[in-house]
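A.B. asks: sequence-free structure coming up:
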């Protein structure tokens with residue numbers, strides 16, 4: 001199946017204290033914050049009814065199988081991974097951070113390594129113990145494993 005989405009769901013974005021608007025969300029941090037709002041029922045205000053919360057902004061109807069169930073913290077973490085983001089709760093408040101620079105502090109080049117001090121041996125495969133995990137058809141697809149050990 002292929003689905004083309006032209007813009008994301010609307011959500012709250014604050015540009016300054018008490019100034020908010022509701023554009024289509026593309027920033028992973030604002031998406032994570034609005035996910036938390038919806039999970040706590042704060043999207044429509046504290047006076048929202050259950051029916052309003054259930055029908056709020058239906059974007060499309062899905063027919064299929066959801067194979068993976070996760071808690072909200074798992075989904076928020078996956079959204080924030082897109083921007084090298086992380087989150088924590090401090091005194092009941094969500095704190096979101098983004099790792100801006102993910103480069104190395106220094107690189108190893110000919111200019112900062114002493115001459116002939118770095119010696120590397122070629123890599124060789126050195127495993128002799130392999131374990132395979134599979135669903136065993138003979139026992140109603142129960143998880144099973146087989147281990148192979150070989151000594152030269």
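C.D. replies: Okay, I see it. In this text, all values refer to a predicted model and were calculated from it rather than measured experimentally. Numbers count the residues shown, from 1 in each chain.

A.B. asks: wasn't residue 79 part of a strand?
C.D. replies: No. Assessed with DSSP: H, G, I helix; E, B strand; the rest coil, residue 79 is helix; it does not lie in a strand.

A.B. asks: these two touch, right, it and residue 35?
C.D. replies: Yes. The pair residue 79 / residue 35 is scored as a contact, 7.0 Å apart, by CB atoms under 8 Å. Every C-beta, even on glycine, is put in place using the N, C-alpha and C of the backbone.

A.B. asks: what sits up against the helix ranked longest in the chain?
C.D. replies: The single longest helix within the chain, with elements called by DSSP state H, is helix 28-39. Helix 28-39 has contacts (CB atoms under 8 Å, 6 or more residues apart in numbering) with 8-9, 11-13, 25, 43, 56, 72, 75-76, 79-80, 82-83, 85, 87, 94, 96, 98.

A.B. asks: which of the residues in that helix are buried?
C.D. replies: Across helix 28-39, burial judged by 16 or more other CB atoms under 10 Å covers 28-36, 38.

A.B. asks: among the contacts of helix 28-39, which ones are buried?
C.D. replies: Buried among these by 16+ other CB under 10 Å: 11, 13, 25, 43, 76, 79-80, 83, 85, 87, 96.

A.B. asks: identify the farthest-apart pair in those.
C.D. replies: Spatial extent of the buried ones among the contacts of helix 28-39 (CB to CB) is set by the pair 43 and 83 at 22.2 Å.

A.B. asks: check which helix or strand covers the closest residue to residue 118 other than its chain neighbours.
C.D. replies: Excluding its sequence neighbours, the residue lying closest to residue 118 (CB to CB, 6 or more residues apart in numbering) is residue 108, at 7.8 Å. Secondary structure assignment for residue 108, by DSSP states H and E: no helix or strand.

A.B. asks: next, count neighbours for residue 108.
C.D. replies: Residue 108: 9 surrounding residues under other CB atoms under 10 Å.

A.B. asks: how much space between it and residue 121?
C.D. replies: With the distance defined as CB to CB, to the nearest Å, residue 108 ends up 17 Å from residue 121.

A.B. asks: residue 104 too?
C.D. replies: 23 Å.

A.B. asks: by mean pLDDT, point me to the weakest helix or strand of the chain.
C.D. replies: Within the chain, no helix or strand scores below helix 50-55, which has a mean of 58 by mean pLDDT, DSSP states H and E.

A.B. asks: what's the pLDDT at residue 41?
C.D. replies: Predicted confidence (pLDDT) for residue 41: 69.
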